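1. here are the coordinates; sequence isn't available:
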């Protein structure tokens, strides 16, 4: 085995924590997924008890753990899609009952129970009931069939190599890991669909794709594929991909029908269209609703859905143009289409209006659309947040996003309520994460980066969990249950986003990264480029004016945010430079000038990484040598990166403004 088991590396539990019922699991349900639930129970409990545990199929007189499906179970779910995912764990005398409203829910109940046992939480948490908050909990892979992974920082793909589809023990382990954190949908290929990948929906690859579909189905997971909007042109003899063209419509209907003939439980399509060079309906003067609905109608008879990305913007912008604003693009393109999408279309919206920066405001689309299914898209892969070299635990960021009040339907209309279906009653909605896995031994390059993967799953199931609770769970399951380990690891994780932000771009401005690679500083790297990602620094100040007098972006928000963001004095300072051009001498609420804040935070960021190194060093001999050495090496690289950020950013701004650091620290001139 050339991979770790991550949080599924079940360790023996103490003798006094063992209950007699654990040895006698009784499966009182039928079907492939129910069988998987029983198998997972036996695998985990055998490892935790240190003796073989076999599955029983008949009630016994001895204390047992009963696994059952109760279709008429009462739930507090707001819709049927969520109700079917509800489960309950409770004790009856000396036996424990794990009940699911469906086999998929039972499987989640089993994984939850096993986690409770591993973390010694049984007495604390039972009885336990759960209805997952997000109906759809999706992983987006950006894997290409040559074996590379776009924005992948953990080795190569374990799905593909040299245009062949792989299937082995590792892919089976991957399915187990995803199911264990609540994932119920997986997209297996990059949203940028290249020539070979276009053939994934044809007989060239469908039988091999079916292997994955069947594997995922055992774990209650639907398989999705990214598709090429121009497929009728590339795979057929049709000269256009116009979504209203009868020949195009017929081509997709035939293609989709055949996919379902081979893969009856196929989930549907993920589509990136009219974005960064990808083909789409704009070519033919059509709307994104025209494009999405054409595919949705082809999928609807088979129960499939279309996930349509809203990452659409002008990627050929003139840097001289101060009115065109990339931040406005998604809202401008999609807001006028609200209510025109079919019921089996979900708009997948990035958490911010730009592109997964370390700090940006929540996309105003969440507060604008009211008649359209929506999913929140976040990036587990750390494209702009350290690329799994630098430690950056993202759960605190995602919790802030979910808790953001859009005021779309008066106060309390949070992003969480919108994408979970609570606000507008949609059942086709949820969260999607651009995943960070590859074929590295530890799956995520940096062992600590796996906390983001684990955390995404746990958060999409139960957003009420705190970032600290998730970090502690992950640390105990993946590294060590010892308090002296969690006392180091949990604060390291929970403070790391703040640390990274300090030595990265200040106060929400973003984009001071090396072009294309997006790792390390290049302050003007994108400043005169076509991507619309400008900081507008000059000798007087820095920032983008997005007020009504500037690009007008603030008008896309509901009140009171529109007014709050519009004024420097009320704008949250962590977003100040995103919304405003600000002089270097402007005094922040801390009493510091803007330029002094930039100097101070970049020095502080380096100091905090140095402290991380010290804390991590104290764990030598307390966790596995492999994990310790991996993170030690990553922290050394992070420190060098943080120093480079500090020195380049501070020198850049000193040269711009000529204002010295009040503390007379070393700034390279």
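-> Yep, it's here. Keep in mind that what you see is a predicted model, and the values were worked out from it rather than measured.
2. quick one, what contacts the closest residue to residue 356 other than its chain neighbours?
-> Counting by C-beta to C-beta, 6 or more residues apart in numbering, residue 379 is the residue found nearest to residue 356 once chain neighbours are left out, at 4.1 Å. For the C-beta atoms, the positions are set from N, CA and C on the backbone; glycine is no exception. By C-beta atoms under 8 Å, 6 or more residues apart in numbering, the residues touching residue 379 are 151, 356, 385, 433-434.
3. Just the closest of these to residue 597, please.
-> residue 385 (20.5 Å; C-beta to C-beta).
4. Pull the number of nearby residues for the closest one.
-> Residue crowding around residue 385 was assessed by other C-beta atoms under 10 Å; the count is 26.
5. Quick check: it is in a helix.
-> No - if the criterion is DSSP: H, G, I helix; E, B strand; the rest coil, then residue 385 is coil and not within a helix.
6. Could you check the longest helix seen in the chain and say which residues are buried?
-> When the chain is parsed with DSSP state H, its longest helix is helix 625-657. Residues of helix 625-657 classed as buried: 627-628, 630-631, 634-635, 638-639, 641-643, 645-650, 652-654, 656-657 (neighbour count, 16 or more other C-beta atoms under 10 Å).
7. what's the answer for stretch 314-322, then?
-> Of the residues in stretch 314-322, those buried (16+ other C-beta under 10 Å) are 317, 319.
8. end-to-end on that stretch?
-> 14 Å (C-alpha to C-alpha, to the nearest Å).
9. can you give me the mean pLDDT across it?
-> Mean pLDDT, computed over stretch 314-322, is 95.
10. do the same with stretch 575-589
-> Stretch 575-589 comes out with an average pLDDT of 98.
11. Please list all residues in contact with the closest residue to residue 419 other than its chain neighbours.
-> Excluding the flanking residues, the one nearest residue 419 by C-beta to C-beta, 6+ apart is residue 376, at 4.6 Å. When contacts are counted by C-beta under 8 Å, 6+ apart, residue 376 touches 349, 351, 366, 401-402, 415, 419, 430-432.
12. 10 Å - rerun?
-> The contact partners of residue 376, by C-beta atoms under 10 Å, 6 or more residues apart in numbering, come to 134, 348-351, 362-363, 366, 398, 401-402, 415-416, 418-420, 429-433, 460.
13. In three-state terms, how would it be classified?
-> Strictly by three-state DSSP, residue 376 counts as strand.
14. Show me where the stretch 401-550 of the chain dips below the pLDDT cut-off.
-> Within the stretch 401-550 of the chain, no range satisfies pLDDT under 70.
15. one more time with 90
-> Where the stretch 401-550 of the chain drops to pLDDT under 90, the residues are 410, 426-427, 505.
16. Likewise for the stretch 1-150 of the chain?
-> For the stretch 1-150 of the chain, the ranges with pLDDT under 90 are 1, 73-82.
17. how about the strands in it?
-> 25-28, 65-69, 87-92, 95-100, 128-130, 136-140 (DSSP state E, counting those that start in this stretch).
18. so the second one versus strand 87-92, what angle?
-> I take that to be strand 65-69. Orientation check (axes from the mean of the first three to the mean of the last three C-alpha atoms, to 10 degrees): strand 65-69 against strand 87-92 gives 140 degrees.
19. list the helices and strands strand 65-69 packs on?
-> With contacts taken as 3 or more C-beta pairs under 10 Å, 6 or more residues apart in numbering; DSSP states H and E, strand 65-69 sits against strand 25-28, helix 32-49, strand 87-92, strand 95-100, helix 103-118.
20. redo that, cut-off 6 Å
-> Judged by 3 or more C-beta pairs under 6 Å, 6 or more residues apart in numbering; DSSP states H and E, strand 65-69 is in contact with strand 25-28, strand 95-100.
21. State the helix or strand in which residue 615 lies.
-> helix 594-617 (DSSP states H and E).
22. who does the most centrally placed residue in the chain bridge with?
-> By C-alpha atoms, centre = their mean, the chain has its centre lying nearest to residue 433, at 2.4 Å. Legend: beta-bridge partners of residue 433 under DSSP bridges are residue 139, residue 378.
23. ok, it - contacts?
-> 139, 378, 380, 456 (C-beta atoms under 6 Å, 6 or more residues apart in numbering).
24. which two in those are spaced the farthest apart?
-> Longest span within those, C-beta to C-beta: 139 and 378, 11.2 Å.
25. Can you tell me which of the strands of the stretch 1-150 of the chain is most buried?
-> strand 136-140 (a mean of 26; mean count of other C-beta atoms under 10 Å).
26. for the residue of the chain positioned farthest from its centre, phi and psi?
-> Ranked by distance from the centre of the chain (C-alpha atoms, centre = their mean), the top residue is residue 61, with 45.3 Å. As for residue 61, its main-chain torsions (degrees, to the nearest 10) stand at phi -80, psi -30.
27. how close does it get to residue 19?
-> Going from residue 61 to residue 19 by C-beta to C-beta, to the nearest Å gives 16 Å.
28. same thing with residue 215?
-> From residue 215 over to residue 19 (counting by C-beta to C-beta), the distance is 32 Å.
29. go on, residue 358?
-> 45 Å.
30. For these two, indicate the residue with more neighbours.
-> More crowded of residue 358 and residue 19, by other C-beta under 10 Å: residue 358, with 21 against 16.
31. just to revisit the earlier point, now the contacts of residue 433 in a markdown table, please, with extra columns for distance to residue 482.
-> Listed next are the contacts of residue 433 as a markdown table, based on distance: C-beta to C-beta, whole Å:
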| residue | distance to residue 482 |
| --- | --- |
| 139 | 31 |
| 378 | 31 |
| 380 | 27 |
| 456 | 26 |
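32. Highest neighbour count among those?
-> Counting neighbours by other C-beta under 10 Å, residue 456 comes out on top of those with 28 neighbours.
33. does that one really touch residue 377, like I thought?
-> No - Residue 456 sits out of contact with residue 377 when judged by C-beta atoms under 6 Å, with a separation of 11.2 Å.
34. what sits against the residue lying closest to residue 605 once chain neighbours are set aside?
-> Nearest non-adjacent residue to residue 605, counting by C-beta to C-beta, 6+ apart: residue 503, 3.0 Å away. Listed by C-beta under 6 Å, 6+ apart, the contact set of residue 503 reads 602, 605, 642, 645-646.
35. Name the member of those with the shortest distance to residue 571.
-> Distances from residue 571 to these, taken by C-beta to C-beta, are shortest for residue 602, at 21.6 Å.
36. so how many other residues sit close to that closest one?
-> By other C-beta under 10 Å, 25 other residues sit near residue 602.
37. just residue 403 next, same as before
-> Residue 403 has 12 neighbours, counted by other C-beta under 10 Å.
38. and it, how far is that from residue 374?
-> On the measure of C-beta to C-beta, residue 403 and residue 374 end up 16 Å apart.
39. What of residue 637?
-> 37 Å.
40. and the residue lying closest to residue 396 once chain neighbours are set aside, backbone torsions?
-> Excluding its sequence neighbours, the residue lying closest to residue 396 (C-beta to C-beta, 6+ apart) is residue 467, at 4.5 Å. Dihedral pair for residue 467: phi -60, psi -40, per degrees, to the nearest 10.
41. OK, contacts around residue 467?
-> Shown in contact with residue 467 (C-beta under 6 Å, 6+ apart): 395-396, 399, 494.
42. which one of the residues you listed is nearest residue 449?
-> Residue 449 lies nearest to residue 395 out of the contacts of residue 467, by C-beta to C-beta, at 12.1 Å.
43. That closest one is in contact with residue 455, isn't it?
-> Yes - using C-beta under 6 Å, residue 395 is in contact with residue 455, at 4.2 Å.
44. Touching both of the two, which residues are there?
-> With C-beta under 6 Å, 6+ apart, residue 395 and residue 455 have common neighbours residue 470.
45. export the strands of the stretch 1-150 of the chain to a markdown table and tack on distance to residue 108?
-> Shown next, in a markdown table, are these (distance: least, C-beta to C-beta, whole Å):
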| stretch | distance to residue 108 |
| --- | --- |
| strand 25-28 | 15 |
| strand 65-69 | 12 |
| strand 87-92 | 6 |
| strand 95-100 | 7 |
| strand 128-130 | 7 |
| strand 136-140 | 10 |
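46. No further queries at this time; thank you.
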